[in-house]
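Enquirer: attaching a predicted model along with its sequence, questions to come.
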Amino acid sequence: MTILTPIDTTDFNPEFDHVYLVDGLGLVYDERTGLHAPDIENSRDFDILIDGQLVQGIEGEWRALTGHTNQHGYRGAVMHPSEIWGDWAIQDLASRAAEDGYVAFACVAVRPDLDEQDNDDYSDESPVGWAVAYKVVR
């Protein structure tokens, strides 16, 4: 049995594509079980695709936090590049932790869906923003 030691979140700024765990108390741990952060791309039709798939909300699958961006009229998953990580994310994630479980999470760059681009606003795969991906783990 692995004993997890919480990390200090006083000035916590998660690394992109690195998976962490959070429990129901809001304690954050460095994940060491081999989980990998998903790929997220922007989708005109569905807001985002996670690992190329429409988010179905299936237990144990990656999802993304929504409703935290300050972009006018948008309540989806993609945070503007100028928006910053905050305690809002830990609080939201902790509220999703199952009893005796954890929520795995990672900040990931959101790439444009190049197949849907009508113009040259995005060079190659420059991120359009970022998102917080998560899934409940036991």
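Expert: Sure, I can see it. Bear in mind that the values here come from a model prediction, so they are computed numbers and not experimental data.

Enquirer: what sits against the residue nearest to residue 5 when sequence neighbours are not counted?
Expert: Nearest residue to residue 5, sequence neighbours excluded (CB to CB, 6 or more residues apart in numbering): residue 29, at 7.0 Å. Any C-beta I mention is one placed from the backbone N, CA and C, and that applies to glycine too. Residues counted as contacts of residue 29 (CB atoms under 8 Å, 6 or more residues apart in numbering) are 4-7, 20-23, 102.

Enquirer: which among those residues end up buried?
Expert: 20-23, 102 (16 or more other CB atoms under 10 Å).

Enquirer: bridging residues for residue 22?
Expert: When bridges are called by DSSP bridges, residue 22 pairs up with residue 28, residue 103.

Enquirer: that one contacts residue 101, correct?
Expert: No - in this structure residue 22 lies outside contact range of residue 101 using CB atoms under 8 Å: 10.4 Å.
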